[in-house]
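K.L.:
sharing a sequence plus its predicted fold:
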Amino acid sequence: MPLNPPTPSTPAPLAGTLKTLLLRGLLAGLIAGLLAATVGYFVGEPKVDAAIAIEEANAATEGSHHAPGEPTAGHSHGDEGHSHGDEEEALVSRTGQKFGQFLALGLSGLAFGAIFASVAHFARRHTALSGPKLAIGLGVAGWAAIVAVPFFKYPANPPAVGDPETINDRTLLWVASVLLGLAAVGAGVYVYKLLRGQLDTVRLIAGVAAFALITTLGYVLLPGVDEVSADFPPSLLWQFRVASLAVSATLWAALGLGFAALTEFAGRSTRVRSEVATAG
Amino acid sequence: MAIAHSPSRTTDSLATVLVTVGVVLLALLTLYLVGFDQGAISRSGMFMHELMHDGRHLLGVPCH
C-alpha cells in the first residue's frame, strides 16, 4: 500500500539492476518455455499427430488423382516427418519435431523473458505496485496482448488447416493482430493511469472498457480468415485450439509467477542480510 | 560500462538504454527464427523451420 512505508512485511517495489532483472527474466522464461513444451508434448502432440494423419490421407487421394501409381511427394507415411515442401524426404522426423517443440518453446520463453524484464525495468518507475505484483500484472498483460487478442481473431490451427497460398497474408494479419493486442493493453493501462484519484473500481472498469473498445474496433476492421475445410473434424480442431491455449497460458503464467517468485526470493535474502547488518 | 556517475533510480544512462534496445532486438530476432524464418536468416535451409514445426503450430503462429 502506498500509504505505508515499506516494512519487512510488505513487499518492496521491484529492485535490482537491469542485469539482475534480465537474468531473472531469462531464467523464468526458460523454465516457462520448458513447462509449456511439456504441456504441449502431452496435450498438443496427439492432436498434431491426428491432424497430420488427416493431411496425409488427403494428400494421398489428391496424389493418386494427379499421378496414378506414383508415390506422393512430400507427404510421407509412418514415423517419417511431416514436411511443408515437395521434398521427397522429410528433413525432420515426427519424433524430431516432438523434441524440436522443446527447442521452439524454450527459445520463445527466453525471448519473452528478456522482453518481459526490459518492460519491467521501465514500468517499475510508473507504478507503486510491489515487485511480485508488477510481475504478475505484466504476465497477464503479456498473455492478453500477445496471445488472447490474436487468438480470438485468428485462432491457432493444426496442420492440414490453412491454404499454403495465403500463408504470407495470414502471417501479416496475425502480426497485425498482435500489434492490436499490444495497442489495446496499452490503451487500457493509459486510461487506468489517467483516472488517478478516482475510485479503484472506476479506474479498473474504464481501463477494461478501453481495452475492449480497441480490441473490438480492430476485430471489425481486420478481415476474417476461414480456411477450415468442411471435412476436417470439428472436435479435433477444438481440441487442438484448447491445447494451444493451454500451452500459451502455461508459458505466460509460469513466466509471470516465476519472475514474481524470483523477485520475492531476492527481496527476502537482501532483507535478511540488512537485518543481520543492523542487528550486528 | 564505464560510467563515472552513480546510476540514478529515475533516469537511465545511455548505456543502459542501448543495452535494453539490444536485448529486445536480440529477443525479437529469436522469436523471428522460431516463428517465421524459413532459412532466410538461419542459413539452415528448412531444417530449423521443420524442427520447430509443432511448437509454431501450438503457439498459434500461422503455418502453411
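P.N.:
The structure has been received and is ready for your questions. Numbering: from 1, shown residues only, chains lettered A, B, ... in the order given.
K.L.:
can you tell me what sits against the host helix or strand of A:Leu30?
P.N.:
A:Leu30 belongs to helix A:18-39 when assigned by DSSP states H and E. Residues outside helix A:18-39 that contact it (CB atoms under 8 Å, 6 or more residues apart in numbering or on different chains) are A:14, A:16, A:101-102, A:104-118, A:120-121, A:246-248, A:250-255, A:258-259, A:262-263, A:266, B:16, B:19-20, B:23, B:55. C-beta here means a position set from N, CA and C on the backbone, and glycine is covered the same way.
K.L.:
state the number of residues packed around residue 62.
P.N.:
Because you didn't say which chain, this covers chain A. 12 (other CB atoms under 10 Å in any protein chain shown).
K.L.:
you answered for a different chain; I wanted chain B.
P.N.:
23.
K.L.:
now do B:Ala40
P.N.:
B:Ala40: 10 surrounding residues under other CB under 10 Å.
K.L.:
now do B:Tyr32
P.N.:
Neighbour number of B:Tyr32 under other CB under 10 Å is 14.
K.L.:
now it: closest residue in space that isn't a chain neighbour?
P.N.:
Closest residue to B:Tyr32 apart from its sequence neighbours, by CB to CB, 6 or more residues apart in numbering or on different chains: B:Ile41 at 7.1 Å.
K.L.:
how about the least confident helix or strand in chain B by mean pLDDT: buried residues?
P.N.:
Every helix and strand in chain B was compared by mean pLDDT, DSSP states H and E; the lowest is helix B:47-51, with a mean of 89. Using 16 or more other CB atoms under 10 Å in any protein chain shown as the test for burial, helix B:47-51 gives B:48-51.
K.L.:
contacts for the following helix or strand past it next, please.
P.N.:
Using DSSP H and E, the next helix or strand after helix B:47-51 towards the C-terminus is helix B:53-59. With CB under 8 Å, 6+ apart as the test, helix B:53-59 has contacts from A:37, A:40, A:44-45, A:48, A:82, A:84, A:92, A:97-98, A:100-105, A:108, A:156-159, A:240, A:243-244, A:247-248, B:34-35, B:63.
K.L.:
follow-up on the earlier one: among the buried residues of helix B:47-51, which are in reach of chain A?
P.N.:
Among the buried residues of helix B:47-51, proximity to chain A is found for B:49-51 (CB under 8 Å from any CB of the partner chain).
K.L.:
quick check: which ranges of the chain have low pLDDT?
P.N.:
Using chain A here. Along chain A, the model assigns pLDDT under 70 to residues A:1-11, A:63-89, A:279-280.
K.L.:
ah, no, chain B please
P.N.:
In the predicted model of chain B, residues B:1-11 satisfy pLDDT under 70.
K.L.:
tell me the residues of it that contact chain A?
P.N.:
So chain B meets chain A at B:7, B:9-10, B:16, B:19-20, B:23-24, B:26-28, B:30-31, B:33-34, B:36, B:45-47, B:49-64 (CB under 8 Å from any CB).
K.L.:
which members of those are classed as buried?
P.N.:
The neighbour-count criterion (16+ other CB under 10 Å) marks B:16, B:19-20, B:23-24, B:27, B:30-31, B:33-34, B:36, B:46, B:49-64 among the residues of chain B next to chain A as buried.
K.L.:
before we move on, which element is the residue in the stretch 51-200 of chain A that chain B sits nearest to in?
P.N.:
Residue of the stretch 51-200 of chain A nearest chain B, by CB to the nearest CB: A:Ala104 (2.7 Å). For A:Ala104, the element it lies in under DSSP H and E is helix A:94-123.
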